[in-house]
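>>> Sequence and predicted model, in that order:
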Amino acid sequence: MPSTYTTNGGIEKIATGEQSGTWGDTTNLNLDILDRITNGVGTIDLSGSGAAHTLQTIDGTLSDGMYKVLLLSGATEACTITVSPSDAQKLYFVNNASGYDCTFTQGLGSNVTIANGNTGIIYCDGGGASAAVTAVAEDLSNLLVSTNNLSDVASASTSRTNLGVAIGSDVLAYDANLQTFVSAFTLPTSDGTTGQVLTTDGGGTLSFTTSSDRGFTIAMSIVFGA
């Protein structure tokens with residue numbers, strides 16, 4: 001039985017008894033392919049592609065379709081990038097700095113366009129003639145915006161409004177005097193009884209107490225109208 005190749009990555013599976021004396025070279029190449037598939041960042045130069053480019057995974061060969069992260073560059077016009085072969089399942093992280101919008105396709109199924117200047121995550125289902133490309137996220141730079149009920153992190157004011165904590169509307173404005181007061185005193189944690197007053201122990205602790213001068217205060221008010 002001859003050697004075979006994995007469908008998605010083009011890694012060579014050495015058949016029993018084959019490649020005597022050379023299997024180490026094949027194994028090293030397979031490891032290089034695995035490294036590219038799992039962590040590889042590759043620049044895809046579209047300068048000579050015009051309106052079409054084929055992103056290929058070639059069996060047993062380090063090829064551009066094996067990169068995990070694709071940096072698109074040098075496009076001269078909007079470009080359609082065909083992922084080949086059509087039966088290979090792929091996951092790509094795409095950064096389109098090519099100058100033009102780029103559309104990814106694999107078969108007759110759905111396609112995904114990554115606009116110039118945007119980033120995205122796409123996967124190809126490897127469905128053969130009917131293969132489809134689907135976006136996990138077409139523009140990662142817009143994940144945190146007010147339009148999706150999160151927050152515009154570039155603006156503190158907009159962020160507070162989107163999160164429902166707008167100053168003067170949902171929360172009170174900061175008051176330095178109030179902050180100083182709260183810091184200086186320990187307030188009681190429960191209400192007093194009718195007629196009690198708030199007193200201090202001189203050490204910053206406030207509490208509700210019954211005033212011993214209440215009768216005198218009332219009498220003075222009657223006599224002097226104080």
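Sure thing, it's come through.
>>> Pull out the buried positions in the helix or strand containing residue 29.
Assigned by DSSP states H and E, residue 29 belongs to helix 23-39. The neighbour-count check on helix 23-39 (16 or more other CB atoms under 10 Å) flags 26, 30, 33, 36, 37 as buried. Where C-beta positions appear, they are placed from N, C-alpha and C, glycine not excepted.
>>> got CSV for the residues you listed, with pLDDT too?
Shown next, in CSV, are those (pLDDT from 0 to 100):
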residue, pLDDT
26, 92
30, 94
33, 95
36, 96
37, 95
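>>> Tell me the one of these nearest residue 206?
residue 37 (67.7 Å; CB to CB).
>>> coming back round to it: roughly how far is the helix holding residue 29 from the heart of the chain?
Helix 23-39 has its average C-alpha position 31 Å from the chain's average C-alpha position, going by CA atoms, centre = their mean, to the nearest Å.
>>> again with stretch 78-95
From the chain centre to the centre of stretch 78-95 is a distance of 22 Å (CA atoms, centre = their mean).
>>> before we move on, what about stretch 33-46?
When distances are taken as CA atoms, centre = their mean, stretch 33-46 is centred 22 Å away from the chain's centroid.
>>> Name the residues of stretch 157-174 that are buried.
Going by neighbour count (16+ other CB under 10 Å), the buried part of stretch 157-174 is 159, 160, 161, 162.
>>> any low-confidence regions in the chain?
For the chain, the stretches with pLDDT under 70 are 1, 138-154, 212-226.
>>> mind running it again at 50?
146 (pLDDT under 50).
>>> can you give me the helices in it?
In the chain, the helices defined using DSSP state H lie at 23-39, 156-162, 176-184, 214-224.
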